[in-house]
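Asks: Below are the sequence and a predicted model for it; my questions follow.
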Amino acid sequence: MTFVIAQAPVIPKFEHASECIRQNKQFCTGWFVDNFDHVFVPRLVEHIKLTAIAVGIGFAIAFTAALVAHSRGWFETPFAVFSAFLYTIPSLAFFQLLVPITGLTVTSAEIALVSYTLLILFRNTLTGLREVPEDARTAARAMGLTKGQILRRVELPLALPAIMAGIRIATVTTISLATVAAFIGVGGLGQPIFNAIQSGFKTQFVAAGLLAVALALVADALLVLLQRQLAPWMRARRA
Amino acid sequence: MNNSDSAHPTGPSALPDGGREPGPQSTGNGSGSARVGHAAAVLAFNEATKVYPGRRTPAVSNLTLEVPAGEICVLIGPSGSGKTTAMQMVNRLIPMTSGDVTIDGRSIMGLDETELRRGIGYVFQQIGLFPHMTTEDNIGTVPRLLGWSKERIRARARELLELVGLDPDDDLRRYPGEFSGGQRQRIGVARAMAADQPLMLMDEPFGAVDPIARDRLQDDFLRLHEEVPKTVVFVTHDIDEAIKMGHRIAILRDGELVQYDTPDRILAEPANEFVADFVGADRGLKRLRVWRLGDLELEPAPDREPTGLTAPEDMSLRDALSVMLVEGTERLTVVDGDGRPKGALALGAITRLIGPDERAAKA
């Protein structure tokens, strides 16, 4: 094919285009296949990076906060209120609010995305730690494990399923939210969507949306596999 | 077990070699071998007292008692009597208010808390197996803390699993969720012995399993204890279990030690009304279960070959009496393991044994 798809807006030249493109049908498979490599792959990679960084940093913050709240109960409420407050900010507004401070940068996007992960990751980690069976903790104490050993060898492994559940939700949510980050021009799958909204090119719009959904599903499936690897005892119990 | 009691059966377990002294022996702990060791410690409470904050009356008050090495000491009493508190003071799960507890003469207060606990096996009703660890890793918890090699831990876990009646080949890699309650409790016992701890604390260990499984667990534990005579503190509220498991029974009431004696003597001579009530009106019959035929001074056997009804020497007096009543006989010939007559038991001997005469004679 001879299209040169440079920067947005992506409006195919109709004289060279297929019938499907000319009529701007809902989804033109041929165009999608031909343009996948240079239109979507770079955006997909950007999107994965945006998500991975957001969930990674969000987890580091929320996990630390949950550990603190686990040993010092008073810390739970302030952090929960803080993260719930962040969670309620409308995403579009959040990105826009950050622009005067951190500019049209990935940093702005990540600050917002990280903020949205905190509530669920904090809650799930803390709940997981609190729901460790008391007898396991008693047994550990009675056998002479130190506090740190109890945390590392007993509490965290047993909280793992809850923590992983939080990571899964946070990941899927972030993949969805990250499309909005294109609003401040940081790329990702939101970019072709915004472009298509402006140009009215349906195939691009649908393709980018479907890719975001597919990415979320694949990420979720991979996390499930990871959890099975990390917590083999969960399956044994069901057997 | 103790010399002063040598004229009496030492306990309901009625170990076949009842006179054996299960003293402290080599631990095998630092030797590199994975053989189950026979270390046992002398445990002593010395005016140990626990007052919970905000309470006026102590939960445990000036408790003084000594558990000889290798014996099972049962702490029993109604709820609120302080038996669990007393037990948990030993590994400092509950900090003492005053007094002391010593293990082989060393005060537990002089030891680092975690170090102390690593040297004491702990089994409780809820077991507390770690659901995310295989049987091997559960059993290996303390050995790993002590820095044992992987091979040594595995060998040890296999050996212990066999000892508690599970399958080392198959069960080692399973998770707790795959076992029944009774099996889990066996793993709990194995875990408490993993590092050859010379002392074991057992808090109503068999309380959560059904009566049939409990009976088997009790029997198996006694057999195990005979093989590996650790010093054991065993908390229960079930007097039958206390009589069956204990070499000695400590009866507590409102934090005070009311009586500390062998099961036989507690049944024969309850210290007061409370103990008599506690052990039950059928204490005479309960006592029959404590005695084995082989423990009695029998009349000489009339013949070299067994005549009439015979009973094995490890039969309990209670079962023997039952046989007599059912068969309408007043004499049994007691035979040893090879079927040779050891002597004869008459109904009159039983009534003399548990009747008031014998008590008067003792007093």
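Replies: Yep, it's here.

Asks: What residues does residue B:270 make contact with?
Replies: For residue B:270, the contacting residues are B:259, B:276, B:278, B:279, B:283, by CB atoms under 8 Å, 6 or more residues apart in numbering or on different chains. The C-beta positions use only the backbone N, C-alpha and C, and glycine is treated the same way.

Asks: how would you label it: helix, strand or coil?
Replies: Following DSSP: H, G, I helix; E, B strand; the rest coil, the label given to residue B:270 is coil.

Asks: How much space separates it from residue B:342?
Replies: Residue B:270 sits 32 Å away from residue B:342, going by CB to CB, to the nearest Å.

Asks: Same check on residue A:57?
Replies: 81 Å.

Asks: And the two? Which one has more around it.
Replies: residue B:342 (19 against 16; other CB atoms under 10 Å in any protein chain shown).

Asks: So which residues on the stretch 1-150 of chain B come close to chain A?
Replies: When proximity is defined by CB under 8 Å from any CB of the partner chain, the stretch 1-150 of chain B lies next to chain A at B:91, B:93, B:113-120, B:122, B:124, B:126-134, B:141-142, B:145.

Asks: Drop anything exposed from those.
Replies: Among the residues of the stretch 1-150 of chain B next to chain A, those that count as buried by neighbour count (16 or more other CB atoms under 10 Å in any protein chain shown) are B:91, B:93, B:113-114, B:116-120, B:122, B:124, B:126-134, B:141-142, B:145.

Asks: how many neighbours does the residue of the stretch 251-363 of chain B found nearest chain A have?
Replies: For the stretch 251-363 of chain B and chain A, the shortest gap (CB to the nearest CB) falls at residue B:252, measuring 21.0 Å. Residue B:252: 25 surrounding residues under other CB under 10 Å.

Asks: Which helix in chain A has the most residues?
Replies: Counting residues, the longest helix found in chain A (DSSP state H) is helix A:41-71.

Asks: Skipping adjacent residues, who's closest to residue B:318 in space?
Replies: residue B:288 (3.7 Å; CB to CB, 6 or more residues apart in numbering or on different chains).

Asks: Give the buried residues for whichever helix or strand comes after the longest helix of chain A.
Replies: Next in sequence after helix A:41-71, counting helices and strands by DSSP states H and E, comes helix A:76-88. Using 16+ other CB under 10 Å as the test for burial, helix A:76-88 gives A:76, A:79, A:80, A:83, A:86.

Asks: lowest average confidence, helix or strand, in chain A?
Replies: Sorting the helices and strands of chain A by mean pLDDT, DSSP states H and E puts helix A:232-238 at the bottom, at a mean of 73.

Asks: ok, now which ones touch the closest residue to residue A:42 other than its chain neighbours?
Replies: Distances taken as CB to CB, 6+ apart put residue A:187 closest to residue A:42, at 7.6 Å, once the chain neighbours are dropped. Contacts for residue A:187 (CB under 8 Å, 6+ apart) come out as A:42, A:43, A:46, A:47, A:50.

Asks: Check residue A:134 too.
Replies: Contacts of residue A:134 (CB under 8 Å, 6+ apart): none.

Asks: From residue B:246, how far off is it?
Replies: In terms of CB to CB, residue A:134 sits 29 Å off from residue B:246.

Asks: all strands of the stretch 251-363 of chain B, in order?
Replies: B:256-261, B:310-312, B:331-335, B:341-346 (DSSP state E, counting those that start in this stretch).

Asks: got these as JSON lines, with mean pLDDT and distance to residue B:174 columns?
Replies: Output for those, formatted as JSON lines (pLDDT from 0 to 100; distance: least, CB to CB, whole Å):
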{"stretch": "strand B:256-261", "mean pLDDT": "95", "distance to residue B:174": "41"}
{"stretch": "strand B:310-312", "mean pLDDT": "87", "distance to residue B:174": "38"}
{"stretch": "strand B:331-335", "mean pLDDT": "88", "distance to residue B:174": "44"}
{"stretch": "strand B:341-346", "mean pLDDT": "86", "distance to residue B:174": "46"}
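
Asks: can you redo these as CSV with distance to chain A?
Replies: Conversion of the strands of the stretch 251-363 of chain B to CSV gives the following (distance: least, CB to the nearest CB, whole Å):
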stretch, distance to chain A
strand B:256-261, 24
strand B:310-312, 41
strand B:331-335, 45
strand B:341-346, 46
